[in-house]
Structure formats: structure tokens, C-alpha cells
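Undergrad: requesting a structural model of the entry that follows:
(chains A and B)
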Amino acid sequence: MFDLSGKSALVTGASGGIGGAIAKALHGAGATVGLSGTREAPLQELAAELGERAHVLPCNLSDLDAVEALPKQAAEAMGAVDILVNNAGITRDNLFMRMSDDEWNSVLSVNLTSSMKLCKGVMRGMMKARWGRIVNISSIVGATGNPGQANYAASKAGMIGMGKSLAYEVASRGITVNAIAPGFIATAMTDKLTDDQKEKINVQIPAARMGTPEEIAAAVLYLSSPEAGYVTGATLHVNGGMAMI
Amino acid sequence: MSDVADRVKKIVVEHLGVEEGKVVEGASFIDDLGADSLDTVELVMAFEEEFGIEIPDDAAENIQTFGDAVKFINDAKEA
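TA: Numbering: from 1, shown residues only, chains lettered A, B, ... in the order given. Sure, this is the predicted structure:
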């Protein structure tokens, strides 16, 4: 339905479940994809699976110098970065009263500061091209909060506020900046939950199940498409009805 | 008029869609030539490419007028 032929997309966290599905969806629509992540092996595997139009761009997002270099590397590999998907994220959960500065700072740095730096790094090319799509993968907890996740929730709410501000600034240049706020999606991150925890979660979801990475990827594909050109500063909640906001 | 000034003027005229006659020494991009703040960022980007120089952010903030731009670029090229 959506055609991204001739477009190049940089996806962070492409070694993870959601990131991998996003890369596949964009690639399937014809885009050239830059697969970024900390672990190179799963990126190589994904690139091999995708075949042509896939570039492996390893980057440790906790190293801000490496983050700064990534947009340039991506543009060199693919010719341009027309679409940026800030998907990578980490959690370091703890009760607020026990949360260390290190737990706070590392999550804010990887999830929010690196997203800011990547947006900045791709903006010049997008402004010149008068076309660009930025999709920030936020989280339902950025809107609702979650006990034990003050750092993660702050970083994910921060992505939304940052994205809206940037959306204002560059809308007249044909660049859109949107966020997707997934609810509970079945990935390695949620696999860590106990069955009991999962049961409690499913009860809270009107759809009575966790979402799939492909359901997030479909939302990214829409927001990356030419057809979504009039959608900017939006937060698309993909959460099975868990929070209707 | 110097070659640099001509090339800067051409960029300004094209980017902001203003008449050439309005692009004078003291003309402020924002107050006189109708640029918004993002236009000034784009102008600096265009100058960097045209002249193969780098204009750091703190210097870019001081380039408010056509004359400022010409002077900065002349200085940068001599350095």
C-alpha cells in the first residue's frame, strides 16, 4: 500500500524485536535500510535475510561520539537519510526512592539524548531535500507513568515533547516528526516478565493480548510514507486499548 | 562589488525570494528581508556549501545582515 522506493531509512535498535520488524516493513515497502544496533551479529543476520538494500551500521548509543558519527555513516552508506526511526531503548528499572543517578542518567542518555543527536544529525539533509520523516518510538508509560520506571517513563515522555517541538520548527520544510507509543509488545524485553506478571498485564488490555512487533512496524510504515505528509507532532498509541488517550 | 558579495546575494535572493535591490550591506535577513529563524539556518548551510567553509553555531548567530555574511565569509576564506 505504501511505497518507499528510493527512500533511505535509518533504524536504531534494529537488532531487537520491534526494530527488526520495523526494518523489515520499511524494506518491504522498497526503502533502503540502515540497520543500527549495539550487537553486530543479529544485524548481519537481518541484513542477510533482507538481501539487497540493507546496510549494517553498528553503533553503541551509550557512546555519544559514536551517536554523532552515525548519521554521517548512514548517509555515506545509503546516499541520504530520508527516514529516521529512533527505536533503540534501554531500561534500568528501580523504585524511584532507590534509583541511582547512574540508572537515571544512562536511560535518559541512551533513550532521549541519543535520539536528539540523531535527529540533529539527519536534519540538514532533510531540510535540503524538503522531505523527511522522523518516527520516535516512545512508550505508553511515557503518557501514563509506571512504578519502577521513572527514568524510562521520563525518557519516553521526553521523546514526545522533543518531537513535537521539532515538528513545529520543520513542518514548513516537508519534514514530519511523530511518535508511536506502544503498549505491551511481545519481545525479549517483555519475555523477562513472569507468567504471573504477564497474566496481570493481559487483564488490563481490552484486546486481551500483547501486541506484536509487526503491529508497531505497520504504524511506523504509515508515518514514514508520503501519504502521512499531513500528520506531524502526533503520538500514535498502539496498545490494544490499554490506554485510550 | 566583490565576487563573494555577488554569490552571497544570489543565494539570498533565491532562498528568500526577495528583490536584488533590497539586499544591501545593512539589510537584516529577519527584519528587512522577511526571513524566519529557520531561513537563517538554511542560509548559513547554503553559504557553507557555496564557499566550502564551516560556520560554527556561535558565529552563525552573529550573522544577522547581508554585510555580516559577506564579511564573515571573506575573513574565513583569508584565514
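Undergrad: from here on, contacts and neighbour counts on C-alpha atoms
TA: Noted.
Undergrad: how about the residues of chain A by chain B?
TA: A:M127, A:E169, A:V170 (Cα under 8 Å from any Cα of the partner chain).
Undergrad: which ones are touching the residue nearest to the spatial centre of chain A?
TA: Residue closest to the average C-alpha location in chain A (Cα atoms, centre = their mean): A:N87, at 2.0 Å. When contacts are counted by Cα atoms under 8 Å, 6 or more residues apart in numbering or on different chains, A:N87 touches A:V11, A:T12, A:G13, A:A14, A:I18, A:G19, A:N136, A:I137, A:S138.
Undergrad: among these, which pair sits farthest apart?
TA: A:A14 and A:S138 (15.4 Å; Cα to Cα).
Undergrad: so in chain A, which helix runs the longest?
TA: As assigned by DSSP state H, the longest helix anywhere in chain A is helix A:150-170.
Undergrad: with just CA atoms, put the next helix or strand after it into PDB.
TA: On the C-terminal side of helix A:150-170, the closest following helix or strand by DSSP states H and E is strand A:175-182. Presented in PDB, the C-alpha positions along strand A:175-182 are these (Å, rounded to 0.1, in the frame of the first residue of the first chain):
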ATOM      1  CA  ILE A 175       9.600  17.100   7.400                       C
ATOM      2  CA  THR A 176       7.200  15.400   9.800                       C
ATOM      3  CA  VAL A 177       8.100  14.200  13.300                       C
ATOM      4  CA  ASN A 178       5.800  11.800  15.100                       C
ATOM      5  CA  ALA A 179       5.900   9.400  17.900                       C
ATOM      6  CA  ILE A 180       4.500   5.900  18.400                       C
ATOM      7  CA  ALA A 181       3.600   4.800  21.900                       C
ATOM      8  CA  PRO A 182       3.500   1.000  22.000                       C
END
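Undergrad: strand A:175-182: what's the following helix or strand?
TA: Following strand A:175-182 in sequence, per DSSP H and E, is helix A:188-191.
Undergrad: now that next one: buried residues?
TA: Neighbour counts over helix A:188-191 (16 or more other Cα atoms under 10 Å in any protein chain shown) mark no residue as buried.
Undergrad: return the distance of it from the chain's centre.
TA: In terms of Cα atoms, centre = their mean, to the nearest Å, the centre of helix A:188-191 is set 16 Å apart from its chain centre.
Undergrad: what mean pLDDT would you report for that helix?
TA: The average pLDDT for helix A:188-191 rounds to 77.
Undergrad: CA atoms only: put that helix into PDB for me.
TA: C-alpha atoms of helix A:188-191 as PDB (Å, rounded to 0.1, in the frame of the first residue of the first chain):
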ATOM      1  CA  ALA A 188      12.700 -10.100  24.600                       C
ATOM      2  CA  MET A 189      12.000  -7.100  26.900                       C
ATOM      3  CA  THR A 190       8.600  -8.500  27.900                       C
ATOM      4  CA  ASP A 191       9.900 -12.100  27.900                       C
END
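Undergrad: helices of chain A, start to end?
TA: So, for chain A - with DSSP H - the helices run A:17-28, A:40-50, A:64-78, A:101-108, A:114-129, A:140-144, A:150-170, A:188-191, A:195-204, A:213-224.
Undergrad: tell me the angle of the third one relative to helix A:114-129?
TA: Between the axes of helix A:64-78 and helix A:114-129, defined by axes from the mean of the first three to the mean of the last three Cα atoms, to 10 degrees, the angle is 40 degrees.
Undergrad: just give me the residue right at the centre of chain B.
TA: Short answer for chain B (Cα atoms, centre = their mean): B:A69, at 4.2 Å.
Undergrad: count the residues that sit near residue 53.
TA: Picked chain A for this. 14 (other Cα atoms under 10 Å in any protein chain shown).
Undergrad: look at chain B instead
TA: For B:I53, using other Cα under 10 Å, the count is 13.
Undergrad: wait, it touches B:D75, no?
TA: No - counting by Cα atoms under 8 Å, B:I53 does not reach B:D75; the two are 10.7 Å apart.
Undergrad: CA atoms of stretch A:65-77 as PDB?
TA: What follows is stretch A:65-77, C-alpha atoms only, in PDB (Å, rounded to 0.1, in the frame of the first residue of the first chain):
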ATOM      1  CA  ASP A  65      30.600  10.300  20.000                       C
ATOM      2  CA  ALA A  66      29.600   7.200  18.100                       C
ATOM      3  CA  VAL A  67      26.000   8.500  18.000                       C
ATOM      4  CA  GLU A  68      27.200  11.800  16.500                       C
ATOM      5  CA  ALA A  69      29.000   9.900  13.800                       C
ATOM      6  CA  LEU A  70      26.100   7.600  12.900                       C
ATOM      7  CA  PRO A  71      24.000   9.900  10.600                       C
ATOM      8  CA  LYS A  72      27.100  10.600   8.500                       C
ATOM      9  CA  GLN A  73      28.000   6.900   8.200                       C
ATOM     10  CA  ALA A  74      24.400   6.200   7.300                       C
ATOM     11  CA  ALA A  75      24.300   8.900   4.600                       C
ATOM     12  CA  GLU A  76      27.600   7.600   3.200                       C
ATOM     13  CA  ALA A  77      26.300   4.100   3.100                       C
END
